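In: Whatever this is, show me its structure:
(4 chains)
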2 protein chains.
Amino acid sequence: MLGNMPDTQNRKAQILQTAATLFRERGYQAASMRDIATAMHIEAASLYHHIKSKEEILEIICFDMAEQFLSAIVEVNDIYFNAEEKLRMAILNHVRLITQNQERSAVFLHEWRSLPEVSLNSFLALRNQYENGFKQIVKEGIEEDIFGQVEPKFAVLSILSSVNWINEWYKLEGKMSVEEIAKNISDFVLGGLRKKLITDLGYKP
Amino acid sequence: MLGNMPDTQNRKAQILQTAATLFRERGYQAASMRDIATAMHIEAASLYHHIKSKEEILEIICFDMAEQFLSAIVEVNDIYFNAEEKLRMAILNHVRLITQNQERSAVFLHEWRSLPEVSLNSFLALRNQYENGFKQIVKEGIEEDIFGQVEPKFAVLSILSSVNWINEWYKLEGKMSVEEIAKNISDFVLGGLRKKLITDLGYKP
DNA sequence: CATATTGCCTAACATTTGTTAGACAAATAT
DNA sequence: ATATTTGTCTAACAAATGTTAGGCAATATG
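Out: Okay, here's the model as predicted:
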């Protein structure tokens, strides 16, 4: 009763991973309990010994990822000082989380819409906290005079959309490492597309 | 037989719009034919006098939007000369299309996954053409020495993800005009977040 | 006026959905 | 060895799904 709890937990983890993969591939609604079961070489009814309902699967995945993203940004805002350093670190953490578990991240990014109303509200609150973590960094950058005069909300949404897009095209076999991807995005976000005509380090007009 | 065709077409257009709204709100799979019918104060069976199937609705919306996006980028690449001008115009067109019909755009952006396999392939081909239109602009910008040395594919995906994110937060009542939004995004994409220490116009090191 | 067409209706269909009940075998605990 | 727990199974359910068949009233056409 205590010795086999890990096994049960393990089985539950397998269900969550299989479900995440299918939710990502076909969407939450289109992926049926029978699909999940078949992928595990099991009958649909057997799933219910490990989870309460299909909605519970979605909730666990979404909130688990939300907490991971959230604790990462809190950590960054606690540890680092410079706004640029913070932003680069926050982006790196985000890319890490997305690439480390693309399936669950995809569910977190897209399938939360299917959460039942009550969970949906708390989920959106968490996501909002995460966005605020980024907004704080951008604001600090503006105050520190490192960033230009941008609309913080606008900048944050642009940054997050760029970072989240990774999930659509990143493949494990790709040539770029996670760190390289994060650096590329950070450079792009910080430096933009236009050619720099001067290295801004230490330059005073 | 000829005089009331417009009416039929009109009714079909209404179905497409209603469907788009519901597809956006709940996702293609979750929005049922009965939902669409109810929203039109009609019975589900009546829909089939105007459309062949639920999948056909999705196909029409997706391909119609794809063609609009595509013809816009082709036009830009034909008319304008300067790469920055081209990019700003392409972004403006994109923002216009998205804000002009948010529901259909949302379906184009997210619900195409549910297309049946055959349509899916041709749709992805069109989307690829659109991305290539942007890639061409970025490449030109690099050749013209207006843009820095960026990975074109990378830049394009970052740009498109930023622009597409509009669909998540743009509301008609908002303060920003479509032109302002497009300018903000263009500035962000071109200039990045970091403070400009020098106006690059005409500066030679 | 007679006729054809249009747009919608009711009724029904086969299938798929999430979920429950109850049984049975293997593993574990007493 | 006996009893209990665990993981799975089969069978079945009620509800919802996309879709079809056939009918009926209003409108447009000749």
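
In: and the gap between residue A:41 and residue B:34?
Out: According to C-beta to C-beta, to the nearest Å, residue A:41 and residue B:34 sit 35 Å apart. C-beta here means a position set from N, CA and C on the backbone, and glycine is covered the same way.

In: same thing with residue A:85?
Out: Taken as C-beta to C-beta, the span from residue A:85 to residue B:34 is 54 Å.

In: Mind checking which of residue A:41 and residue B:34 has more residues around it?
Out: Between residue A:41 and residue B:34, residue B:34 has the larger neighbour count (other C-beta atoms under 10 Å in any protein chain shown), namely 13 against 6.

In: Show the contacting residues for that one.
Out: residue B:44 (C-beta atoms under 8 Å, 6 or more residues apart in numbering or on different chains).

In: How far away from the center of its chain is the helix or strand harbouring it?
Out: Using DSSP states H and E, residue B:34 maps to helix B:33-39. A distance of 25 Å separates the centroid of the chain from that of helix B:33-39, by C-alpha atoms, centre = their mean, to the nearest Å.

In: what's the average pLDDT for it?
Out: Mean pLDDT, computed over helix B:33-39, is 98.

In: how about it: buried residues?
Out: Residues of helix B:33-39 classed as buried by neighbour count (16 or more other C-beta atoms under 10 Å in any protein chain shown): B:33, B:35-37, B:39.

In: Now the element after it, going C-ward?
Out: helix B:54-79.

In: buried sites along that next one?
Out: Buried residues in helix B:54-79, counted by 16+ other C-beta under 10 Å: B:54, B:57-63, B:65-66, B:68-69, B:72-73, B:76-77.

In: domains for chain A, by residue range?
Out: A:1-51, A:52-205 (automatic domain parsing).

In: hang on, the earlier thing: tell me if the helix holding residue B:34 is near DNA strand D.
Out: Yes. Against DNA strand D, helix B:33-39 shows contacts by C-beta under 7 Å from any atom of the strand at B:33-35.

In: Out of those residues, which comes closest to DNA strand D?
Out: residue B:33 (3.8 Å; C-beta to the nearest atom of the strand).

In: is it true that the closest one touches residue B:53?
Out: No. Under the criterion of C-beta atoms under 8 Å, residue B:33 is not in contact with residue B:53, lying 9.2 Å apart.

In: Now the closest residue to residue A:87 other than its chain neighbours: which helix or strand?
Out: Once flanking residues are discounted, residue A:87 sits nearest to residue A:137: 5.2 Å by C-beta to C-beta, 6 or more residues apart in numbering or on different chains. Using DSSP H and E, residue A:137 sits in helix A:117-143.

In: other SSEs contacting that helix?
Out: helix A:54-79, helix A:83-100, helix A:152-169 (3 or more C-beta pairs under 8 Å, 6 or more residues apart in numbering or on different chains; DSSP states H and E).
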